[in-house]
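A.B. asks: When you get a sec, could you give me coordinates for this:
(one chain, ligands or ions: 1)
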Amino acid sequence: MSPKIQLGLVGLGKIARDQHLPAISRTPGIELVAVASPHARAEGVRNYAEVGEMLAAEPHLDAVVMCQPPQPRFDAARQAIAAGKHVFLEKPPGATICAVEALISLADEKGLTLFASWHSRYAAAVAPARAWLAGRTLRRAAITWKEDVRRWHPGQTWIFDAGGFGVFDPGINALSILTEVVRDPIVLSAAELEVPSNRAAPIAAKLALKTVEGAPIEAVFDFRQTGLQTWNISIETNQGELLLSEGGDRLAIDGVAQDCGPEGEYPAMYRHFVDLVQHRRSDVDLAPLRLVADAFLSGRFRPTDPFEE
Ligand code: NAP
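C.D. replies: Down below sits the predicted model:
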């Protein structure tokens, strides 16, 4: 392997341009050399329309990062692992649990790194929140994750297709934080999913969750929020209350704002990925995906107004 990990990127869309490209360029030990995307082209690297074409033409690649929508993620990751590449998956790691479990086995067999990233876990206030909760007993928690899909996901029709997760596309970020800061296993008690009559995936959802000890956790996700946007998690314990806001960037304890330092989700994830590859380790936690899968498996589906962008 050359001194720097030679990286290919699949799916040059919003998150790849907004976060991955800048983070890669700031991370020592890794270098972007190729991109595979059906239409988009990146400057300064070799471009391909399709991942198979990139893998065939770039045998020296060490790793591939998957930034396409979840539906085509498995086939691309499977091809990359078969070609001997380490793989970095954007969230969600796949459209189904079986697909991600298959990737874990394939990567293990080849001794390759598989990193299922959950970027919200790297938000500035998440590690301090986890530390504060250690040793405290959770009494109840609530997630309020409400955003305007037209503002944050313009043109992303895949979100409302089957396998696109709908409102769980952002909602799974909240669940990734919850399952990081709360150490007890969390189970789903009930779910209600509102699906636009002309779409396949929910535009809003309510989950009733609980810890194995029985502490209740309510989650409300809504893609129809105009005006104030809300990405909050509140947690009440036997020794005080915590509020994570702005998607995990801000923390207040008993109403007092805490200084958690600057944001830096994607640079931190790339540093972690370089370390994983150097030590030939994988990092895949399916807990957030399982909760979403269980909501689809056992939830009550309610048709609602058609959605037009
Ligand atoms: P996006 O803007 O729609 O970009 C996805 C890109 O994937 C498209 O531009 C398209 O490229 C490419 N693509 C589509 N089908 C493909 C295929 N079969 N093979 C290879 N590339 C394909 O979506 P996004 O917001 O970047 O989201 C992508 C993933 O990142 C999702 O899993 C999402 O949950 C995650 N994510 C998004 C955000 C966010 O804020 N947007 C934040 C964190 C994580 P062409 O333009 O070339 O056709």
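A.B. asks: residue contacts, whichever residue of the stretch 101-250 of the chain sits closest to the ligand?
C.D. replies: Residue nearest to the ligand within the stretch 101-250 of the chain (CB to the nearest ligand atom): Gln156, separated by 4.3 Å. Heads up, the C-betas are built off the backbone N, CA and C, glycines and all. The neighbours of Gln156, taking CB atoms under 8 Å, 6 or more residues apart in numbering as the test, are 13-14, 69.
A.B. asks: Kindly report the same for Gln6.
C.D. replies: Taking CB under 8 Å, 6+ apart as the definition, contacts of Gln6 comprise 31, 33, 58, 60-63.
A.B. asks: Please tell me which one of those residues counts the most neighbours.
C.D. replies: Sorting those by how many neighbours each has (other CB atoms under 10 Å) puts Ala63 first, at 23 neighbours.
A.B. asks: Test my guess that it contacts Val10.
C.D. replies: No: counting by CB atoms under 8 Å, Ala63 sits too far from Val10 to count as a contact (11.3 Å).
A.B. asks: Now for those two: what residues contact both?
C.D. replies: Common contacts of Ala63 and Val10, defined by CB under 8 Å, 6+ apart, are absent altogether.
A.B. asks: and this structure, which residues reach the ligand?
C.D. replies: Counting by CB under 6 Å from any ligand atom, the residues of the chain lying close to the ligand are 10-16, 37-40, 67-70, 72, 90-91, 119, 156, 169.
A.B. asks: Mind checking which of those are in strands?
C.D. replies: In strands, judged by DSSP state E, the following of those are found: Val10.
A.B. asks: if we can go back for a sec, spatially, which two of the contacts of Gln6 are the most separated?
C.D. replies: By the measure CB to CB, Glu31 and Glu58 form the most distant pair in those, at 12.5 Å.
A.B. asks: residues in contact with the closest residue to the ligand within the stretch 1-150 of the chain?
C.D. replies: Residue nearest to the ligand within the stretch 1-150 of the chain (CB to the nearest ligand atom): Gly13, separated by 1.6 Å. When the contact criterion is CB under 8 Å, 6+ apart, the partners of Gly13 are 37, 40, 67-68, 156.
A.B. asks: who's in contact with the strand or helix carrying Tyr270?
C.D. replies: Using DSSP states H and E, Tyr270 falls within helix 265-278. The list of residues contacting helix 265-278 from outside it, by CB under 8 Å, 6+ apart, reads 5, 19-20, 22-24, 26-30, 62-63, 86, 88, 113, 115, 117, 119-120, 122-123, 282-283.
A.B. asks: Name the residues of whatever helix or strand comes next after it that are buried.
C.D. replies: Past helix 265-278, further along toward the C-terminus, the next helix or strand under DSSP H and E is helix 287-298. When neighbours are counted by 16 or more other CB atoms under 10 Å, the buried residues of helix 287-298 are found to be 288-296.
A.B. asks: ditto for stretch 8-22
C.D. replies: Buried residues in stretch 8-22, counted by 16+ other CB under 10 Å: 8-13, 15-16, 19-21.
A.B. asks: What's the end-to-end length of it?
C.D. replies: Using CA to CA, to the nearest Å, the span of stretch 8-22 from its first residue to its last is 14 Å.
A.B. asks: likewise stretch 301-309?
C.D. replies: 22 Å.
A.B. asks: what is the rounded mean pLDDT of it?
C.D. replies: Over the span of stretch 301-309, the pLDDT mean works out to 97.
A.B. asks: Neighbours of the nearest residue to Ala80 once chain neighbours are set aside, how many?
C.D. replies: Setting aside the residues directly before and after it, Ala80 is nearest to Val64 in space (CB to CB, 6 or more residues apart in numbering), at 4.2 Å. Applying the criterion other CB under 10 Å, we find 27 residues in the vicinity of Val64.
A.B. asks: Contacts only, for Val64.
C.D. replies: Residues counted as contacts of Val64 (CB under 8 Å, 6+ apart) are 7-10, 51, 54-55, 76-77, 80, 85-88.
A.B. asks: swap the cut-off to 10 Å and go again
C.D. replies: Residues in contact with Val64 (CB atoms under 10 Å, 6 or more residues apart in numbering) are 6-10, 34, 36, 51, 54-55, 58, 76-77, 79-81, 83, 85-89.
A.B. asks: ok, now Ala95?
C.D. replies: Contacts for Ala95 were tallied using CB under 10 Å, 6+ apart; they are 69-74, 162-165, 289, 293.
A.B. asks: how far away is Ala199 from Ala162?
C.D. replies: Not quite, residue 199 is Arg, not Ala. Arg199 sits 9 Å away from Ala162 when distances are taken as CB to CB, to the nearest Å.
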